[in-house]
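Asks: give the three-dimensional model of this entry:
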Amino acid sequence: MDKLRTVIVDDHPIVIAGLKTLLQNEANLDIVTEFYAGNDLISYIKINPTDLILLDITLPDINGMDLCLLIKKISVQTIILILSNHTERSIIMQTIQNGASGYLLKNSSLEELRHCIAQAMKGNICYSREVIEIMSRPTKNQLRITPQLTRREKQILGLLAQGKTSLIIGEELFLSPLTVDTHRRNLLQKFEVKNVAELIMIATQQQVL
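Replies: Next up, the predicted model:
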């Protein structure tokens, strides 16, 4: 099998040197070059076939999440594995949505990296063990207790989700706008949110709507 033409992208030379040393004896990898910035990588892959990119999130000119999108537009078949110190669940999810095939923390073992490369080559999404733990933790919204709503509150919530104003809701339900506003404030308090947009988002996540 041909070796994977591999590029390392990180703004820290010592990290690149460490990865090259770690991977130099991997029979299936050929580390062809490295870059410290995203735009240099983009210029390279436009004219050079690249099988695998080991990519950091924090770069001096562009963040790794946005860079994933650019890479996939130029070379959809190129596999991207993120190697980062960022542990935020939202960042991990965004990189995968933007085209990365896996996410590993920089303290991952060589075995974890090997495993993720192998899984990515099969078309699978793969995480290091610590990232799996992060992704398996419930989010703040998932931990929220779904509030008990009255029939009227459910009606008003549904109409708010349709983008209707207090005046229109009042006309449809034969209520005064002041009464509708009172119900709306109660809904905001019950869901512990600050505005209607958050209310609709949380209610949808909790399958109240």
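
Asks: pLDDT score assigned to the most far-flung residue of the chain relative to its centre?
Replies: Seen from the C-alpha centroid of the chain, the residue lying at the greatest distance (CA atoms, centre = their mean) is Phe174, 44.1 Å away. Residue-level confidence at Phe174 comes out at 95, pLDDT.

Asks: then Leu143?
Replies: 60.

Asks: and what of Ile134?
Replies: We note a pLDDT of 88 for Ile134 in this prediction.

Asks: now do Thr139
Replies: With respect to pLDDT, Thr139 scores 64.

Asks: so where is this protein shaky, pLDDT-wise?
Replies: Judged by pLDDT under 70, the chain has its weakly predicted residues at 1, 138-144.

Asks: what do you get if the cut-off is 90, keeping everything else the same?
Replies: Applying pLDDT under 90 to the chain flags residues 1-2, 89-90, 134-146, 192-193, 197-198, 201-209.

Asks: and the strands in it, which stretches?
Replies: 4-9, 29-35, 52-55, 79-84, 102-105, 126-127 (DSSP state E).

Asks: redo the ones you listed as JSON lines? Include mean neighbour count.
Replies: All C-beta atoms are positioned from the backbone trio N, CA, C, and that covers glycine. Listed next are the strands of the chain as JSON lines, based on neighbours: other CB atoms under 10 Å:
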{"stretch": "strand 4-9", "mean neighbour count": "21"}
{"stretch": "strand 29-35", "mean neighbour count": "17"}
{"stretch": "strand 52-55", "mean neighbour count": "25"}
{"stretch": "strand 79-84", "mean neighbour count": "24"}
{"stretch": "strand 102-105", "mean neighbour count": "24"}
{"stretch": "strand 126-127", "mean neighbour count": "21"}
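
Asks: could I get these as TSV with distance to Ile168?
Replies: Listed next are the strands of the chain as TSV, based on distance: least, CB to CB, whole Å:
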stretch	distance to Ile168
strand 4-9	53
strand 29-35	56
strand 52-55	49
strand 79-84	47
strand 102-105	45
strand 126-127	47
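
Asks: so for Gln148, which of those strands sits nearest?
Replies: For the strands of the chain, proximity to Gln148 was assessed by CB to CB; strand 126-127 is nearest, at 37.0 Å.

Asks: so which elements touch the closest one?
Replies: strand 102-105, helix 110-121 (3 or more CB pairs under 8 Å, 6 or more residues apart in numbering; DSSP states H and E).

Asks: parallel or antiparallel, list what pairs with that strand.
Replies: Partner strands for strand 126-127, per DSSP bridges, with pairing direction: strand 102-105 (parallel).
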